[in-house]
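Trainee: Here is the input, now give the coordinates:
(one chain, ligands or ions: 1)
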Amino acid sequence: MAQIILVRGDITEQHADAIVNAANSSLLGGGGVDGAVHRRGGPEILTECRALRASRYGKGLPTGQAVATTAGRLDAAHVIHTVGPVHSTSEDRSELLASCYRESLRVAAELGARTVAFPAISTGIYGWPIDDGARIAIATVRECAAEPVTEVRFVLFDEAAYAAFEAALETSA
Ligand code: ADP
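Mentor: Here you go, the predicted structure:
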């Protein structure tokens, strides 16, 4: 299993083989992590996203799936775009959130990435409670044998998110 590391910070400032973007299904940019990735990564990423829309994902990238593009000017070889589920109180969408982590790691492994940086998917605009989002993230990554990935780094934007991931890591150890 890959080593799990927690850091506080901005995911677009990370050096990693692959940086995961909490995208939306349009693949054409949005707020939060998505906005920051495109702003800092530059237009090359959007150009590839548009090409993916035109070729493979005419209806958008389905929730829970992941696809890679160049990382543009980011300090990474690849950006892996994944679409988290919007949190719902009437329906359990945990499996879709777990799928984002699993599929992103699968794509990362296919690309030969050794280090992968993740944000806390769905816990911003998509409204997932941070404690539960952290629990699902840690549990899923722990279950994934992701050769050749050796390091999974969660990049947490604020103290509350960092604390939630720390607690999830301790509980699942
Ligand atoms: P989603 O739409 O999947 O909820 P968001 O981008 O709105 O995605 O938020 C996901 C998580 O990422 C939230 O916890 C948010 O605080 C955090 N976040 C926002 N910007 C950044 C950033 N630049 N680097 C790392 N984490 C970020």
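Trainee: Could you report the pLDDT at R40?
Mentor: Looking at R40, its pLDDT reads 98.
Trainee: Against the ligand, how distant is the most centrally placed residue in the chain?
Mentor: By Cα atoms, centre = their mean, the chain has its centre lying nearest to V20, at 3.7 Å. V20 sits 10 Å away from the ligand, going by Cβ to the nearest ligand atom, to the nearest Å. (Glycine included, C-beta is placed from N, CA and C.)
Trainee: Quickly list what that residue is bridged to.
Mentor: Beta-bridge pairing of V20 under DSSP bridges involves I80.
Trainee: Does it touch T82 like I think?
Mentor: Yes - counting by Cβ atoms under 8 Å, T82 is a contact partner of V20 at 6.1 Å.
Trainee: which residues do these two both contact?
Mentor: Shared contacts of V20 and T82 (Cβ atoms under 8 Å, 6 or more residues apart in numbering): A66, S104, I121.
Trainee: Near the ligand, list only the ones from the residues you listed.
Mentor: Restricting those to those touching the ligand (Cβ under 6 Å from any ligand atom) yields I121.
Trainee: Where neighbours are concerned, which of the shared contacts of V20 and T82 has the most?
Mentor: Greatest neighbour count in the shared contacts of V20 and T82, by other Cβ atoms under 10 Å, goes to S104: 29 neighbours.
Trainee: Pick the one among the shared contacts of V20 and T82 closest to the ligand.
Mentor: The closest of these to the ligand turns out to be I121 (Cβ to the nearest ligand atom; 5.1 Å).
Trainee: List the contacts of the closest one.
Mentor: By Cβ under 8 Å, 6+ apart, the contact list for I121 reads V20, A22, T82, G84, L97, C100, Y101, W128, G133, A137.
Trainee: Close to the ligand: what parts of the chain are there?
Mentor: Checking the chain against the ligand by Cβ under 6 Å from any ligand atom, the hits are 10-12, 22, 31-34, 36, 84, 119-126, 155, 157, 161.
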